[in-house]
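Trainee: Here's a sequence, model it:
(2 chains)
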There are 2 protein chains.
Amino acid sequence: MSQATNTTTEFSREAIESVLKRRFFFAPSFEIYGGVSGLYDYGPPGCALQANIIDTWRKHFVLEEDMLEVDCTMLTPYEVLKTSGHVDKFADWMCRDLKTGEIFRADHLVEEVIESRLKGDKEARGIVAEVEEESDDKKKRKKKVKEIKAIKLDDEVVAEYETILAKIDGYSGPELGELMIKHNIGNPATGEKLEQPIEFNLMFETAIGPSGQLKGYLRPETAQGQFLNFNKLLDFNNERMPFASASIGKSFRNEISPRSGLLRVREFLMAEIEHFVDPNNKVHMNFDSVKDLKISLLSKEVQQEGKTDILEISIGEAVEKKIIDNQTLGYFIGRIYLFLMKIGINPTKLRFRQHMSNEMAHYAQDCWDAELQTSYGWIECVGCADRSAYDLSVHAAKTKEKLSVKEALKEPVSIEEYECLIEKKKFGPLFRKDAPKVEEWLTSRTQCELENLATELKDNLKISAKIDGIATETVEIPSELVKIEKNKKTVYVREYTPNVIEPSFGIGRIIYSVFEHCFWTRPEDSARAVLSFPPLVAPTKVLVVPLMNNKELQDATQIVKKTLRLAQIPFKVDDSGASIGKRYARNDELGTPFGITVDYDTIADGSVTLRDRDSTTQKRGSLDDVVKAVMDITYKGASWEEGTKHLTVFESKSDE
Amino acid sequence: MSQATNTTTEFSREAIESVLKRRFFFAPSFEIYGGVSGLYDYGPPGCALQANIIDTWRKHFVLEEDMLEVDCTMLTPYEVLKTSGHVDKFADWMCRDLKTGEIFRADHLVEEVIESRLKGDKEARGIVAEVEEESDDKKKRKKKVKEIKAIKLDDEVVAEYETILAKIDGYSGPELGELMIKHNIGNPATGEKLEQPIEFNLMFETAIGPSGQLKGYLRPETAQGQFLNFNKLLDFNNERMPFASASIGKSFRNEISPRSGLLRVREFLMAEIEHFVDPNNKVHMNFDSVKDLKISLLSKEVQQEGKTDILEISIGEAVEKKIIDNQTLGYFIGRIYLFLMKIGINPTKLRFRQHMSNEMAHYAQDCWDAELQTSYGWIECVGCADRSAYDLSVHAAKTKEKLSVKEALKEPVSIEEYECLIEKKKFGPLFRKDAPKVEEWLTSRTQCELENLATELKDNLKISAKIDGIATETVEIPSELVKIEKNKKTVYVREYTPNVIEPSFGIGRIIYSVFEHCFWTRPEDSARAVLSFPPLVAPTKVLVVPLMNNKELQDATQIVKKTLRLAQIPFKVDDSGASIGKRYARNDELGTPFGITVDYDTIADGSVTLRDRDSTTQKRGSLDDVVKAVMDITYKGASWEEGTKHLTVFESKSDE
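Mentor: Below is the predicted model of the structure:
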């Protein structure tokens, strides 16, 4: 659909930004108050595009796959995010300039300074072409980097810098600090030394209730609400596995110094799926429907070598070769690909990048990001991670609420299990008020722990333990009080904690990428910009244009409006005095895929013309046929040729 | 559509709560962590119902009326909410029990204690019926009130208490404090005296950015974002007036002690419209479409007399008689009524209550709440206020950004205006560095202020002023430096600040009311509950029920599924082993309006039966005819009789 790939005119970020601003797709929030970085409002066309993308997402994922959608609160108490690990680990590294008070995000700082040095090196070596090509955009993005100096670097330094850039997402804070010292990286504007990187938690904090004593955060992801409702969801699903929940809503990250427009914001719309699956069986019943899709992969091995070579491969083959860990993960990668195609992403600007071992959360088994290429580089827009059983396990452990699945075994199984036998009546006299705590501690040991305790008992005739809530340094339990035995048991039920595969969509980043991928200018006039959104997601589907603004045509226009409203097709009327060409040009910038012109023939025979935004072709037919064509192309996926085959070609009167 | 009004079985809050919980319409958030009061999650059916209500809202308001939808951030900097008045005035009155640390919301406390005393009085007088009828629910809601004591009150005390209750929404904090003293109202559980009411700001506070120095809040309403974007919206609308913006999103209020389930929560979905209109012309072009609607009004005059008598009147007459201030306000009251009818509100449980002068914001011209009757009493669910020019004016004054409309006059008008003429060169020597500030102060005076200054100059030959940013207590400007004259001017353009009519919907409260209004139990079996949602908003439209779970019927079911998916009708399949009757009963509780049974005749001739949830009637026809009936009833507003007239009556095999 998109003409963007066919045009030869050069992409200019300035041109697209000017259109997006002029047409109020989005704008900085609180602009009349000077704005707050990282916060943006969507105007009417941006808001409609977002609603249509969300609607498409809901149909593509939730409805087609019978997912259980939930809507959980953003306000989240401390305790929940402490357990999930966000209080301790959801942080970026920041460095302060103690003289100026400026604050930098450490990884971005290292990246920007090294990139500018490499550029200076290229300039010094006389490799000017690439520098110029990028300079406009890059200067704007990296305005904090002082003017690039053309200084030639040693060959081995260049190689080292390039390796750093390839691995930039994988460094810890102290490692970034070392790089800053080793390569003398300071405030890019002044060169001054900076404080070593310190952690800054990215969650917005607040207090819930009037006492001020219940600490809470704005959620950093929608996932936790889904995990906490696991038992209710399993019950709602009649205890059947596997199943997926889904959630669409705002999340928040208090970014250190957000730039890059919609790509790095402090409040953003997410759409997340948590697919709960048996850890022993990650086969997906619909895998066949995606296995032949060819996709572009950037594996962790390639990146760890400091390279960015792409592997073009079918999903089936990637799973077979274990490049992608399992079928369910592969299935969702395929579904993500198909979704992105529906909403206007250019397939040549999409790759799936695997997380390197050192950038992946410690609990994650495998993780792939759908990255989209924009003028800001390759941007992570969808994450697709296998979170293993981490989240359900930690919440279950913390709340003592089981978050697991019981599966009736087809045949009973005989197993050997350690059991702990306690001489209850001897506990009171020995441990007094602590007796219940010691008992509870013993009975809540895992099989593995019991095995160790059995050995300890055999060797020392007692168990020494540190028990929460008991003041004594070490509690000693003599062997007269407790026996640990391995016994045979017949089991009829298997109980397990599901693993979670999580496709997580950053809707704002996807929307910005759609803008760039759909944007082009007409070759005959670079001032005439077009946003070639697929009709399915375009903010408005039809622009109704009466040839003139007079009574006769107003009546005819009323009929067109009524018909479109009845068919529930979002449309706008432009009955301003501007020329037809101008009115269409305005709506090309809004991405409106169709135009219906009402003229004097409409009064005579009820026919109207239908204009295609991308080709500016016009066809003519009865109002009903034209509306049917719009419906078929917009909602049933017909092409312009198929959809309009019953209409007759119409020669434009030089309106274009 | 709803059968709820026809049934004679008694309403029980316990019964509906049990269904809503069991079917996971909603649940307390973080329940496995013990929950946080005032925070709720929507499960799959609640989430789908909410999405369908929002979709209906968007079509009813935004699309049908060409409103400009925007999506603004929830995070809002201090400055914006300081200007809007929320930092100073968005507060409730709370009283602390200094002994126990308990915190009460003052107006709720007074209301609850007085209600319980009136109940005790009735009991003492032997008027038991009403007390018993309500006692179950009330006890649950007002659990903080200690057991009701049957004590008879003097007749004049009863009258005074009843007047207090009728005016309860109008008292200030100090007035509530006086009532507490006069009527000896303390901690309801212990009777202990409480602290006098103090103000508690209801906004959640947070810090934006890593420095911690930019104070922000979570928005308490979506309106401010719309006001701040006024100029962009006016431009987007090609400078045409009147127009409306709209916004759907979460807002936050840190309620003092939320109970009453979904009716009083700390995080809630709102849908708000800001209709910008010429203050001199509040006529609405579509007013005729609503003027004959009969609605129930409770005017401020009636309430100020301490009464609650309802006036049944057409909107046209109410506007004519100036009961409703203007046409635009009346138009929106009508549109709100029609929207609530679409989504399942019972018209006999809807009234529009006017704000009393003392409960209305000082800037508001008139305000009506759509109140819905529930087992918690009459609940404010939609506010419809004329906010006058307040918001645009204060933001314009603060930011020095004009938020106004320029209208070309048909004929130029001659006016007289004060002008301020300054002897610039004399300012420097006299005021030195303060000179620009004094100049700016003079040139930014309003016409009214200039008139006063002209008099002051004439009388005293100087102006004495306190000027922001100048340390001197009083700045004196002698008459040699400044002249203020009244001059004639010809004006070609009229500039005005629009007034704002704001319909504001609390979606969660509406959803809870829909639950109550649509809930009933089958007269033949009170354990069989039904939620008679209108098909348009029902979470799932169709339950597909294969008679048995075997291969032959599975294949037939596949065809039904495929057909429904193609028609984009949300459906579920229940192929569990439960009896057909049980499966339908389960889905009556979920509010699924239609059932399609797949049986052996389906295999033979492709026909299926269609079941109506409310009447349990069944009809039979070809799959295509049945799907068409579902579409017509759900999306085109056809009744069951109209929609199924091509189907044949089917005698149920005693499944019900």
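
Trainee: tell me the residue furthest from the middle of chain A?
Mentor: Going by C-alpha atoms, centre = their mean, the residue of chain A most distant from its centre is residue A:429, 58.6 Å out.

Trainee: Let's verify that residue: helix, strand, or coil?
Mentor: helix (DSSP: H, G, I helix; E, B strand; the rest coil).

Trainee: Tell me the pLDDT of it.
Mentor: Looking at residue A:429, its pLDDT is 88.

Trainee: ok, now how distant is it from residue A:481?
Mentor: Computed as C-beta to C-beta, to the nearest Å, the residue A:429 to residue A:481 distance reads 10 Å. In this view, the C-beta of every residue, glycine as well, is placed from N, C-alpha and C.

Trainee: got it, and residue A:647?
Mentor: For residue A:647, the distance to residue A:481 - C-beta to C-beta - is 90 Å.

Trainee: With residue A:85 instead?
Mentor: On the measure of C-beta to C-beta, residue A:85 and residue A:481 end up 37 Å apart.

Trainee: Quick one: the helices in the stretch 551-656 of chain A, in order.
Mentor: A:551-566, A:580-589, A:600-605, A:623-635, A:640-643 (DSSP state H, counting those that start in this stretch).

Trainee: Of all the ones you listed, which one is nearest residue A:435?
Mentor: Nearest to residue A:435, of all the helices of the stretch 551-656 of chain A, is helix A:623-635, at 69.5 Å by C-beta to C-beta.

Trainee: And the closest one, what does it pack against?
Mentor: helix A:551-566, strand A:594-598, strand A:607-612, helix A:640-643 (3 or more C-beta pairs under 8 Å, 6 or more residues apart in numbering or on different chains; DSSP states H and E).

Trainee: what do you get if the cut-off is 7 Å, keeping everything else the same?
Mentor: helix A:551-566, strand A:607-612, helix A:640-643 (3 or more C-beta pairs under 7 Å, 6 or more residues apart in numbering or on different chains; DSSP states H and E).

Trainee: Using JSON lines, lay out the ones you listed together with distance to chain B.
Mentor: Output for the helices and strands packed on helix A:623-635, formatted as JSON lines (distance: least, C-beta to the nearest C-beta, whole Å):
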{"stretch": "helix A:551-566", "distance to chain B": "7"}
{"stretch": "strand A:607-612", "distance to chain B": "20"}
{"stretch": "helix A:640-643", "distance to chain B": "17"}
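
Trainee: Name the SS class of residue A:76, please.
Mentor: When the rule is three-state DSSP, residue A:76 gets the label strand.

Trainee: related to what we said a few turns ago, show me which of residue A:85 and residue A:481 is the more surrounded one.
Mentor: residue A:481 (20 against 15; other C-beta atoms under 10 Å in any protein chain shown).

Trainee: For that one, give its distance to chain B.
Mentor: 33 Å (C-beta to the nearest C-beta, to the nearest Å).

Trainee: For that residue, give me its contacts.
Mentor: A:422, A:423, A:426, A:427 (C-beta atoms under 7 Å, 6 or more residues apart in numbering or on different chains).

Trainee: give the contact list for the last one.
Mentor: Under the criterion of C-beta under 7 Å, 6+ apart, the contact list for residue A:427 reads A:435, A:438, A:439, A:481.

Trainee: any idea how far chain B is from it?
Mentor: When residue A:427 is compared with chain B (using C-beta to the nearest C-beta), they lie 30 Å apart.

Trainee: cool, residue A:498 as well?
Mentor: Residue A:498 is 16 Å from chain B, by C-beta to the nearest C-beta.

Trainee: Which phi and psi values does the residue nearest to residue A:269 when sequence neighbours are not counted adopt?
Mentor: Nearest non-adjacent residue to residue A:269, counting by C-beta to C-beta, 6 or more residues apart in numbering or on different chains: residue A:507, 4.1 Å away. The phi/psi pair for residue A:507 (degrees, to the nearest 10) reads phi -70, psi -40.

Trainee: which element is residue A:165 on?
Mentor: Residue A:165 belongs to helix A:155-166 when elements are defined using DSSP states H and E.

Trainee: What's the mean pLDDT across the next helix or strand after that helix?
Mentor: Once the chain leaves helix A:155-166, the next helix or strand it forms, by DSSP H and E, is helix A:173-182. Mean per-residue pLDDT for helix A:173-182: 93.

Trainee: Which strand in chain A has the most residues?
Mentor: For chain A, the longest strand by residue count, based on DSSP state E, is strand A:405-422.

Trainee: what residues does the stretch 151-300 of chain A put near chain B?
Mentor: Residues of the stretch 151-300 of chain A lying near chain B by C-beta under 7 Å from any C-beta of the partner chain: A:200, A:204-206, A:208-211, A:225, A:228-229, A:232, A:236, A:238, A:250, A:254, A:256, A:266-267.

Trainee: Same question for whichever helix in chain A runs longest: list its buried residues.
Mentor: Secondary structure assigned by DSSP state H gives helix A:106-124 as the longest helix of chain A. Residues of helix A:106-124 classed as buried: A:106-123 (neighbour count, 16 or more other C-beta atoms under 10 Å in any protein chain shown).

Trainee: Is that helix in proximity to chain B?
Mentor: No. With C-beta under 7 Å from any C-beta as the criterion, chain B is not reached by helix A:106-124; the gap is at least 11.8 Å.

Trainee: which residues sit against that helix?
Mentor: A:93-95, A:130-131, A:142, A:145, A:148-153, A:158, A:161, A:164-165, A:168, A:171, A:173, A:176, A:179-180, A:185, A:188, A:197.

Trainee: how about the nearest residue to residue A:313 once chain neighbours are set aside, what does it touch?
Mentor: With C-beta to C-beta, 6+ apart as the criterion, residue A:313 has its nearest non-adjacent residue at 6.0 Å, and that residue is residue A:297. Contacts for residue A:297 (C-beta under 7 Å, 6+ apart) come out as A:310, A:311, A:313, A:318, A:323, A:352.

Trainee: So residue A:297: helix, strand or coil?
Mentor: Residue A:297 is classified as strand under three-state DSSP.

Trainee: From residue A:337, how far out is it?
Mentor: Per C-beta to C-beta, residue A:297 is found 11 Å from residue A:337.

Trainee: hang on, the earlier thing: kindly state the beta-bridge partners for the residue nearest to residue A:313.
Mentor: Applying DSSP bridges to residue A:297 gives these bridge partners: residue A:311, residue A:352.

Trainee: And for residue A:26?
Mentor: Here residue A:26, judged by DSSP bridges, has bridge partners residue A:42.

Trainee: so who does it touch?
Mentor: Residue A:26 neighbours (C-beta under 7 Å, 6+ apart): A:20, A:40, A:41, A:42, A:43, A:46, A:262.

Trainee: before we move on, back to that, with neighbour count as new columns, can the contacts of residue A:297 be given to me in a markdown table?
Mentor: Formatted as a markdown table, those follow (neighbours: other C-beta atoms under 10 Å in any protein chain shown):
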| residue | neighbour count |
| --- | --- |
| A:310 | 15 |
| A:311 | 16 |
| A:313 | 19 |
| A:318 | 23 |
| A:323 | 19 |
| A:352 | 23 |
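
Trainee: and the residue nearest to residue A:269, what pLDDT?
Mentor: 98.

Trainee: My guess is it contacts residue A:271. True?
Mentor: Yes. Counting by C-beta atoms under 7 Å, residue A:271 is a contact partner of residue A:507 at 6.0 Å.

Trainee: which of those two has more neighbours?
Mentor: Using other C-beta under 10 Å, the more surrounded residue of residue A:507 and residue A:271 is residue A:271, with 24 against 20.
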